[in-house]
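*Asks:* Provided below are the primary sequence and the corresponding predicted coordinates.
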Amino acid sequence: MTATIAQKITTDPQSVMLLNLNMFMQLKGLYRKDLAEYMGRKPQAVSRMFISGSAWSINDTCKAAGLHWCTAEHSA
């Protein structure tokens, strides 16, 4: 007999945004320090935003979304 463990699927908007942002940054070869620089924050603060479960403000979310446009000219 085998036991199956179901994984919790995160569907709240912030978790989905963070997953997408992490995937985007990996695809572009960017690090959290790059996002911190773009957002005008310290790298430690941005890392805390990712791992602490703190709520992102709408301004921070929009600024992070703008990273795509900042890097669009650098894509191959």
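*Replies:* Cool, got the structure.

*Asks:* from Gly53, how far off is Met17?
*Replies:* Plainly put, Met17 is 13 Å away from Gly53 if you go by C-beta to C-beta, to the nearest Å. Placement of C-beta: from N, CA and C, glycine included.

*Asks:* before we move on, what about Leu35?
*Replies:* In terms of C-beta to C-beta, Leu35 sits 18 Å off from Gly53.

*Asks:* which one's more surrounded, these two?
*Replies:* Between Leu35 and Gly53, Leu35 has the larger neighbour count (other C-beta atoms under 10 Å), namely 22 against 10.

*Asks:* does the closest residue to that one other than its chain neighbours sit in a helix or strand, and which one?
*Replies:* The shortest distance from Leu35 to any non-neighbouring residue, by C-beta to C-beta, 6 or more residues apart in numbering, is to Val46 (5.6 Å). If you go by DSSP states H and E, Val46 is part of helix 43-51.

*Asks:* packing partners of that helix?
*Replies:* Packing partners of helix 43-51 (3 or more C-beta pairs under 8 Å, 6 or more residues apart in numbering; DSSP states H and E): helix 32-39.

*Asks:* other residues contacting the helix it packs on?
*Replies:* Helix 32-39 has contacts (C-beta atoms under 8 Å, 6 or more residues apart in numbering) with 21, 25, 42-43, 45-47, 50, 60, 63-64, 66-67, 70.

*Asks:* can you pull the buried residues of it?
*Replies:* Arg32, Asp34, Leu35, Ala36, Tyr38, Met39 (16 or more other C-beta atoms under 10 Å).

*Asks:* for Leu18, see how far away the last one is.
*Replies:* Right, the one you point to is Met39. On the measure of C-beta to C-beta, Met39 and Leu18 end up 14 Å apart.
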